[in-house]
Each structure stands twice: as structure tokens, then as C-alpha cells.
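Visitor: With the input below, show me the fold.
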Amino acid sequence: MKHINSWIGKTLAFVLCVSMLAGVAAAASAASNSEIDFSQTGSITLSLETGDGSLVSGGTVTLYAVATLYLDDGDMAYAYTEAFSGCEATLDASDTSLPAALAAYAAAGALAGTSAQVSDLGTVCFEDLALGLYLLVQTEA
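Guide: Take a look at the predicted model:
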């Protein structure tokens, strides 16, 4: 896999965190929060490209389950998973330092994630995921 700059990786992680938050919010806005089906699962497909649109193949991406979604007096809220329970970062999608803080916490704690190889088409997919907040980190170039 071609080397991806650290700032691109951090931006990618931020976009993914925001995407998961927005995706759950969009799904919930179609129905009232009390109608959210917590048994539903989803998937995340990541496509890796260079700035000129060329595919980036090979390497490994690791998925970390950061927080679960729950209802707090009818409002959607997130709670850190057991693995991230000691993380002191606030789960605020508008905080651009959140992905870096989560990635640093995962690395410092040597947390286990789910790893997958990037295909020759530059994609990696994680399926059957519970509603929540996830972090993707390139763990092997």
C-alpha cells in the first residue's frame, strides 16, 4: 500500500467518526428515537484513493468499536465500549481532535480491534456492526 500521510489518516478517521454519527442520526430522524431498532446492524466500506483518484491497494485497516448508541430520556447518546471506558476524550463529532485521541488511546492500550486486508480494488468492508461509533485506523501500509 502506498504511504498515506499521518494527517490524511487522521482526517480519514475523523470523517469516519462523523459519518457514523451522521448515519445513525439520519436513520433515527426518519422515525422517532423511541422507534430505533437496536437489533439492526450495518456495515462500513472504506475506499482508499490517492489525491488523483488512483486506488490504493494492500495493507491492513483495523476497526475499533468506540461507543454504543443508547437512548437517554428519548435522546440519542453514546457510551464508550468497555475497551474505551478509560478514554477521557468527549464524544463530540465536531471536535477535530477526537479521532487522534481515540487512535492514541487504542495504541497506548494495545486494544484489540478487527483487522481486514485492503483489496486490490482499494476497498475494505466490515459487516454486521451494531449501531454505534467506530474508528478505522490504517495499521499496515
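Visitor: going forward, measure contacts and count neighbours with C-alpha atoms only.
Guide: Will do.
Visitor: Pull up the pairing partners for the longest strand along the chain, direction included.
Guide: Taking DSSP state E as the criterion, the chain has its longest strand at strand 60-72. Neighbouring strands of strand 60-72 in its sheet, by DSSP bridges, are strand 75-80 (antiparallel), strand 114-117 (antiparallel), strand 132-140 (antiparallel).
Visitor: In this protein, where is pLDDT below threshold?
Guide: Counting by pLDDT under 70, the chain contains low-confidence residues at 1-34.
Visitor: If we use 50, what do you get?
Guide: The chain contains residues with pLDDT under 50 at 1-15, 17-31.
Visitor: Can you show me the helices along it?
Guide: Along the chain, the stretches classed as helices by DSSP state H are 6-29, 98-108.
Visitor: Which elements pack onto the shortest one?
Guide: Packing partners of helix 98-108 (3 or more Cα pairs under 8 Å, 6 or more residues apart in numbering; DSSP states H and E): helix 6-29, strand 132-140.
Visitor: Could you find the closest non-adjacent residue to residue 63?
Guide: Spatial nearest neighbour of residue 63, excluding adjacent residues (Cα to Cα, 6 or more residues apart in numbering): residue 136 at 4.6 Å.
Visitor: And for that neighbour, the neighbour number?
Guide: Per other Cα atoms under 10 Å, the neighbour tally for residue 136 reads 25.
Visitor: Tell me how far it lies from residue 61.
Guide: Remark: distance between residue 136 and residue 61 (Cα to Cα, to the nearest Å) = 6 Å.
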